[in-house]
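Novice: here is a sequence with its predicted model. Questions after.
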Amino acid sequence: MIAVIAVGALFVSSEASKDGFSLNPFTQKYDITVENGIGGSASGGGRYSEGSTATLTATPSTGYSFVGWYENGQLYSSDPTLRITVDSPHTFTSTFQKKTFVVSVTQNYGSAGTVSGGGSILYEDTTTLNATVNKGYSFSGWYDGTTLLSTSPSYIYTVIKAVTITAAYSIIHDASFTADQSATYAPCTLTITSTYNVEVSYRSWILSDALSGKTLSSYGSYGNGNGTINYSVSSGEAVKITQTVTYSDGQQATSSYVKVVDQIISKHFSWRYQSNAWYSSITNLFGMINGSSASWDVPLSFANYYNAVTSTLPRSNGYSMISSYVTYNNPEIRSMAQGLMSYTSGWSSIDRLNFVLKFVQSIPYKYDIDSEGVEDYWKLPAETLWENNGDCEDHAFLFAALAKAMGYNVVLYYVYCYSSSGQYIDTSGKRFDAHLAAGVDVSGCSGFSTTINGVKYYYCEATATQSAGWLDYADVGYQPSGYVIQNTYLV
């Protein structure tokens, strides 16, 4: 049974004190009230006997720190563990505040760019991290240690701890370069400049002739130096430039590019196109009289020649695409065709084509094994003109290209040349050599022809050989003895 006695304003209870240590049933009791502030929790409130000890404990939440115990708006104590001797009622408020964390921002390559953001930031507040990127680098991401936070150069980070955030950049492993020439044509100077020039441990340049493979020059240097070199080109040349770069991270990159420096060279051609003058006399022969000889200085481009040499067309047995070798739309062929038309203005079509045919026949014959080092090599017309030699298919392609560019319809003939010394044997056991000739649609002509789709094409032996009787007989329409057409290809 509990007895309660009221004495004035004083209430006395006979129950034992809360802490169990009071032996006096009439001990005064006081309430210690604890209120929680934002950012933590507090404990220890309750009813205490007068003279007993109340222990109050404040525990901040993550990201907060304890400020103090406040009573009636006044700081009572800043100790998170508060011990008081109870002598009166109290109401305490535990007060907390957000911690301030230092966010440090750094980068893995000092010259890769600039970074900003961070500083002293309150818990759960944000800071915007920004990274700019310099040439030669790429931005990889923001990292907290090994943890990727974001790959965006601009990143809003919510602060929950003290941290060092690293802007991670990557080296662009790219050995590309530019090659600028001081003049349109040789002679000129090439200024070769690396596109990127950062984090280089070692760099090498090798310049070689793209056609022969011969080394022209080489350079090497440690560090970022030698990012620009100069090379003098005295004549038309295809310079293969190779840069190899070893970077500070141990990676390596190589880039190659062929820079074609053009040169216009005047190639001299002379030929006789009227057989009766050939026998006139020694004086006439070397004097080139009677209008029977022609002399022509043809401007040829090294770049055009190089493009022909590096064509992806097959260099033998390209019959399925044989018309592609007749490059009548090539700028040099079209220019030559215009010159030939102008020179033969007023001539009959047959005289004009005989003139062109004799020009092509005048280009020296040379076996592929001697000129190219292989048994068979199909040259494009630009190659035949520049090198001033070729075999049967090379002459046929050149003549067909010129005739086509002059407005004539042409075909190509695949021919068996029968002889006792022929390299091949046909199904009947006869020996022959393979040969290529041309055919042209021209009025006023006589001689051998074939008709295709109603059009008559006269045989044109574009190769000057003794067996073809070039001195007297190799006009349009002449087909040498023993030559048999096997296939005809429209151009």
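Specialist: Alright, I've got the coordinates.
Novice: residue 98 bridge partners, please.
Specialist: Per DSSP bridges, the residues bridged to residue 98 are residue 64.
Novice: now it: how far from residue 369?
Specialist: 89 Å (CB to CB, to the nearest Å). The C-beta positions use only the backbone N, C-alpha and C, and glycine is treated the same way.
Novice: what of residue 114?
Specialist: 65 Å.
Novice: hmm, back to that, so between residue 98 and residue 369, which is more surrounded?
Specialist: Remark: of residue 98 and residue 369, residue 98 carries more neighbours, 18 against 12, as counted by other CB atoms under 10 Å.
Novice: dump the residue contacts of the more buried one.
Specialist: 39, 63-65, 122-125 (CB atoms under 8 Å, 6 or more residues apart in numbering).
Novice: before we move on, what's the pLDDT of it?
Specialist: The score at residue 98 is 97. That number is its pLDDT.
Novice: stretch 425-436: end-to-end distance?
Specialist: Using CA to CA, to the nearest Å, one end of stretch 425-436 lies 17 Å from the other.
Novice: what's the first helix or strand after whatever helix or strand residue 168 lives in?
Specialist: Assessed by DSSP states H and E, residue 168 sits inside strand 163-171. Counting by DSSP H and E, the next helix or strand C-terminal to strand 163-171 is strand 177-181.
Novice: so which elements touch that next one?
Specialist: Applying 3 or more CB pairs under 8 Å, 6 or more residues apart in numbering; DSSP states H and E, we find strand 177-181 packed against strand 188-194, strand 237-247, strand 252-261.
Novice: so of those, which one's packed in deepest?
Specialist: strand 237-247 (a mean of 20; mean count of other CB atoms under 10 Å).
Novice: could you tell me which strands that strand is paired with, and in which direction each runs?
Specialist: Partners of strand 237-247 in its sheet, by DSSP bridges: strand 200-209 (antiparallel), strand 252-261 (antiparallel).
Novice: columns mean pLDDT and distance to residue 55 on top of those, output as TSV?
Specialist: Below are the strands paired with strand 237-247 laid out as TSV (pLDDT from 0 to 100; distance: least, CB to CB, whole Å):
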stretch	mean pLDDT	distance to residue 55
strand 200-209	98	66
strand 252-261	98	69
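Novice: so can I have a markdown table of these showing distance to residue 403?
Specialist: Compiled in a markdown table, these are given as follows (distance: least, CB to CB, whole Å):
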| stretch | distance to residue 403 |
| --- | --- |
| strand 200-209 | 35 |
| strand 252-261 | 29 |
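Novice: for these, which one sits closest to residue 377?
Specialist: strand 200-209 (19.3 Å; CB to CB).
Novice: what residues does residue 262 make contact with?
Specialist: Counted by CB under 8 Å, 6+ apart, residue 262 has contacts 184-186, 236, 301-303.
Novice: what's the answer for residue 220, then?
Specialist: Counting by CB under 8 Å, 6+ apart, residue 220 has contacts 202-205, 226.
Novice: from the residues you listed, which is closest to residue 365?
Specialist: residue 205 (41.9 Å).
Novice: what about the residue lying closest to the closest one once chain neighbours are set aside, neighbour count?
Specialist: Spatial nearest neighbour of residue 205, chain neighbours left out: residue 219 (4.3 Å); criterion: CB to CB, 6 or more residues apart in numbering. As a burial measure, residue 219 scores 14 neighbours (other CB under 10 Å).
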